[in-house]
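[1] sequence and predicted model, in that order:
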Number of protein chains: 2
Amino acid sequence: MEAKERMNDTIRVAVDAMGGDNAPEEIVKGAVEAVNEKDNITVILVGKKNKIENELNKYRYRAEQIEIVSAEEVIDCDEAPVMAIRKKKDSSIVVGMNLVKKGEADAIVSAGSTGAILVGGQMIVGRIKGIERPPLAPLIPTSKGASLLIDCGANVDARSSHLVQFSKMGSVYVKHVMGIENPKVAIVNIGAEEEKGNMLVKETYPILKNCNDINFIGSIEARDIPTGAADVIVCEAFVGNVILKLYEGVGSMMLHKIKEGMMTSIRSKIGALLVKPALKETLKDFDTSNYGGAPLLGLNGLVVKTHGNAKSNEVKHSIIQCVTFSEQRINEMIKEMLMNNEKIN
Amino acid sequence: MEAKERMNDTIRVAVDAMGGDNAPEEIVKGAVEAVNEKDNITVILVGKKNKIENELNKYRYRAEQIEIVSAEEVIDCDEAPVMAIRKKKDSSIVVGMNLVKKGEADAIVSAGSTGAILVGGQMIVGRIKGIERPPLAPLIPTSKGASLLIDCGANVDARSSHLVQFSKMGSVYVKHVMGIENPKVAIVNIGAEEEKGNMLVKETYPILKNCNDINFIGSIEARDIPTGAADVIVCEAFVGNVILKLYEGVGSMMLHKIKEGMMTSIRSKIGALLVKPALKETLKDFDTSNYGGAPLLGLNGLVVKTHGNAKSNEVKHSIIQCVTFSEQRINEMIKEMLMNNEKIN
């Protein structure tokens, strides 16, 4: 049991070994890659023990950095989330979240059912007191680096008070995890002017304008998101989900078209060989897997959702991301922010 | 006045010569290109007479195919739309829309203020009786061709009955203007299952499912829009506007990145020269200007909005689009659809 004793500066990350399209192979591989890259991480792989062991046998790593906690059930993506979380007590998501709840892990990373992760995060890990709704906040690539898109799927039909909290939590995250001083916050809108928008945006805009603790720069139109015009992009979850998925969809279709175009003649095929290395380098910035997963902010512990089709690289980055999050004491900062707001009101 | 007499099969299109970033130069050029391509179009250029004449003097065309109607005011993009339409009676948009209202033009094309066009369309041209809200419906490029995105900016905070009408009008348009039999209709959602979504989508989904006059295929996630999974993509205007603008934004940023990547080394520069012609050909399908503008459906006449930065090619296609619209009697079909629905209810 010595390995389980808590070292002061070691971050303990529970990883749902059974979640996602490539579980457990890529998940276990990513976990191994993470511990081999960082000494101060312990990964707790949660899932079917024999399957995890079979995978682990393929790799070399320091034994004290990886533990297994057994969970024999799996929540499928098409299960109703609330019911699944309630009934499947021995599922990798529920067992993993309970580790966070009990303080046996600092964070959990899962590529499993988004719905179950959102519900489990709220029901098991629980919200920080004062947080109305925990938003899912992925980083999306831009021509300047990356922006935080918040909320992106956790809370549809949000109210303006939710969007205000999202803006503040997003600012804290971007400042401390990404190191951007005074991050620019913008609200997604269908025009640049204050009077534009739907009811929710019109209601939220003036409140954000009066927040002294964020650098609110106004509306952002969707066409300006890829240019990196704002660091924190605030929107209601339905819109955020559309943005995230369309980003991926348009990007992959264009790459497909370009590859297709390059294969149409001998001339273009030769050209393709010559441009390939340079293109690969440029488009690397566009690979979302380098940014790790999306944190669910405002919970009593860190819950990170990675893509359902995540490969080991994304899993690795998602685990390492938990270290920055913990080291930067993001949750303490969110609590501080809430306390300051209370003092003001 | 002989030229103004109505020929049976000639379509009369009013064109706002003063609207958009490139007015009047590109607008007039596009009008000339349209009439030089199609014998059965008469274009009525609406705007400052001397400016239009100066531009027209640059080109050759059959004089009876282009008329000028004077309008000395211009509505700017930053003016409040309702006020502008009410006060600027001699603006190119108001004068042009009145031509449609009085039956002196079949359609109007404008690259001017979207807000003013939407308001003018409703206030001057007027809705078809029974249509609750007229949606703006652009075509967006997909890997299979193009899909109709409806609504895309006209009516934020829509109700489910609006979305149902959008679906039906969109089906009529895609079938008769694009020639797609039994077009697939899908509602934008954040998951594939019927129980997913925000309140509006959850309310609309079962109604669409029960419509016998459309081919409803269920939800579409934003990532599947670029693959052409549906022909008619139905959503509320705020979401539609985000989709349209993000489409443009991600596309142009990726092209920029790719060009940048190709310029990084001598090797890649040579490669770029070789792939360029093939790439240009493939990416041509992606040029939205080939699809003309976005019709505002459900009005007593055709109103087409083109991009604010439209060049002559888009203006030309927008004018020609009006011919198909009129020849296919889209408005009569929309009226028929409404009558059939009344019979059912």
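    Arrived safely. Quick caveat: nothing in here was measured; it's all calculated off a predicted structure.
[2] so where's the stretch 101-250 of chain A uncertain?
    In the predicted model of the stretch 101-250 of chain A, residues A:154 satisfy pLDDT under 70.
[3] what helices or strands is the helix or strand where A:Ile68 lies leaning on?
    Following DSSP states H and E, one finds A:Ile68 within strand A:66-70. Identification of packing neighbours for strand A:66-70 by 3 or more Cβ pairs under 8 Å, 6 or more residues apart in numbering or on different chains; DSSP states H and E yields helix A:25-37, strand A:41-47, helix A:49-56, helix A:92-101. For glycine as for every other residue, the C-beta is placed from the backbone atoms N, C-alpha and C.
[4] can you lay out those as a markdown table showing mean neighbour count?
    Output for the helices and strands packed on strand A:66-70, formatted as a markdown table (neighbours: other Cβ atoms under 10 Å in any protein chain shown):
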| stretch | mean neighbour count |
| --- | --- |
| helix A:25-37 | 23 |
| strand A:41-47 | 26 |
| helix A:49-56 | 16 |
| helix A:92-101 | 26 |
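[5] tell me the strands beside the strand holding A:Ile68, with direction?
    Strand pairing for strand A:66-70, using DSSP bridges, gives strand A:41-47 (parallel).
[6] what's the average pLDDT for the strand it pairs with?
    Mean pLDDT, computed over strand A:41-47, is 98.
[7] got the angle for it vs helix A:49-56?
    130 degrees (axes from the mean of the first three to the mean of the last three Cα atoms, to 10 degrees).
[8] from the contact counts, what lies against the following helix or strand past the strand holding A:Ile68?
    Going down the chain from strand A:66-70, the next helix or strand is helix A:81-87, by DSSP H and E. In terms of contacts (3+ Cβ pairs under 8 Å, 6+ apart), helix A:81-87 is packed against helix A:114-120.
[9] contact partners of the helix it packs on?
    A:75, A:77, A:79-82, A:84-85, A:93-94, A:97, A:110, A:134, A:136, A:153-154, A:296, A:303, A:305, A:308 (Cβ atoms under 8 Å, 6 or more residues apart in numbering or on different chains).
[10] count the residues that sit near the nearest residue to A:Gly19 once chain neighbours are set aside.
    Spatial nearest neighbour of A:Gly19, excluding adjacent residues (Cβ to Cβ, 6 or more residues apart in numbering or on different chains): A:Gly112 at 2.6 Å. Counted with other Cβ atoms under 10 Å in any protein chain shown, the neighbours of A:Gly112 add up to 27.
[11] need phi/psi at A:Gly112.
    phi -80, psi -160 (degrees, to the nearest 10).
[12] measure A:Phe166 to chain B for me?
    From A:Phe166 across to chain B, the span is 16 Å (Cβ to the nearest Cβ, to the nearest Å).
[13] helix or strand: which one has that residue?
    Going by DSSP H and E, A:Phe166 is part of helix A:160-177.
[14] output that helix as PDB, nothing but the C-alphas.
    What follows is helix A:160-177, C-alpha atoms only, in PDB (Å, rounded to 0.1, in the frame of the first residue of the first chain):
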ATOM      1  CA  SER A 160     -27.700  34.900 -18.100                       C
ATOM      2  CA  SER A 161     -26.400  34.400 -14.600                       C
ATOM      3  CA  HIS A 162     -25.000  31.100 -15.800                       C
ATOM      4  CA  LEU A 163     -23.200  32.800 -18.700                       C
ATOM      5  CA  VAL A 164     -21.700  35.300 -16.300                       C
ATOM      6  CA  GLN A 165     -20.300  32.600 -14.100                       C
ATOM      7  CA  PHE A 166     -18.900  30.800 -17.200                       C
ATOM      8  CA  SER A 167     -17.100  34.000 -18.200                       C
ATOM      9  CA  LYS A 168     -15.500  34.300 -14.800                       C
ATOM     10  CA  MET A 169     -14.500  30.700 -14.500                       C
ATOM     11  CA  GLY A 170     -13.200  30.700 -18.100                       C
ATOM     12  CA  SER A 171     -11.100  33.800 -17.300                       C
ATOM     13  CA  VAL A 172      -9.600  32.100 -14.300                       C
ATOM     14  CA  TYR A 173      -8.800  29.000 -16.200                       C
ATOM     15  CA  VAL A 174      -7.300  30.700 -19.300                       C
ATOM     16  CA  LYS A 175      -5.200  33.000 -17.100                       C
ATOM     17  CA  HIS A 176      -3.700  30.300 -14.800                       C
ATOM     18  CA  VAL A 177      -3.700  27.200 -17.000                       C
END
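[15] what's that helix packed up against?
    Secondary elements touching helix A:160-177 (3+ Cβ pairs under 8 Å, 6+ apart): strand A:145-150, strand A:184-189, helix A:199-209, strand A:232-234, helix A:312-327, helix A:330-344.
[16] mean neighbour count and distance to B:Ala222 added to those, as a markdown table?
    Below are these laid out as a markdown table (neighbours: other Cβ atoms under 10 Å in any protein chain shown; distance: least, Cβ to Cβ, whole Å):
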| stretch | mean neighbour count | distance to B:Ala222 |
| --- | --- | --- |
| strand A:145-150 | 24 | 13 |
| strand A:184-189 | 25 | 14 |
| helix A:199-209 | 17 | 19 |
| strand A:232-234 | 30 | 15 |
| helix A:312-327 | 23 | 20 |
| helix A:330-344 | 15 | 29 |
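[17] among those, which is nearest A:Gly19?
    helix A:312-327 (10.1 Å; Cβ to Cβ).
[18] which parts of chain A belong to which domain?
    The record, using automatic domain parsing to delimit domains, assigns chain A the ranges A:2-131+A:298-329, A:139-286.
[19] please report how far the spatially most central residue of chain A lies from A:Val303.
    By Cα atoms, centre = their mean, chain A has its centre lying nearest to A:Ala294, at 0.6 Å. Taking Cβ to Cβ, to the nearest Å as the measure, A:Ala294 falls 9 Å from A:Val303.
[20] what sits in contact with each of the two?
    In contact with both A:Ala294 and A:Val303: no residue, using Cβ under 8 Å, 6+ apart.
[21] extract the CA atoms of stretch A:57-69 and return them as CSV.
    Output in CSV follows, covering the C-alpha atoms of stretch A:57-69 (Å, rounded to 0.1, in the frame of the first residue of the first chain):
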residue,chain,number,x,y,z
ASN,A,57,1.8,-5.9,-19.8
LYS,A,58,2.7,-4.4,-23.1
TYR,A,59,4.6,-1.4,-21.6
ARG,A,60,7.4,-0.4,-19.4
TYR,A,61,6.7,2.2,-16.6
ARG,A,62,7.5,2.8,-12.9
ALA,A,63,5.1,0.5,-11.1
GLU,A,64,4.3,2.9,-8.3
GLN,A,65,2.9,5.4,-10.9
ILE,A,66,0.1,3.2,-12.1
GLU,A,67,-2.6,1.6,-9.9
ILE,A,68,-5.7,-0.3,-10.9
VAL,A,69,-9.1,0.0,-9.3
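[22] what does it contact?
    A:2-4, A:14, A:28-29, A:31-32, A:35-36, A:39, A:41-46, A:49, A:52-53, A:56, A:95-96, A:99.
[23] and what of stretch A:327-335?
    Counting by Cβ under 8 Å, 6+ apart, A:11, A:128, A:130-131, A:168-169, A:172-173, A:176-177, A:297-302 sit against stretch A:327-335.
[24] from those residues, list just the buried residues.
    A:11, A:128, A:131, A:168-169, A:172-173, A:176-177, A:297-302 (16 or more other Cβ atoms under 10 Å in any protein chain shown).
[25] from the residues you listed, which single one is nearest chain B?
    Distances from chain B to the buried ones among the contacts of stretch A:327-335, taken as Cβ to the nearest Cβ, are shortest for A:Leu297 (18.7 Å).
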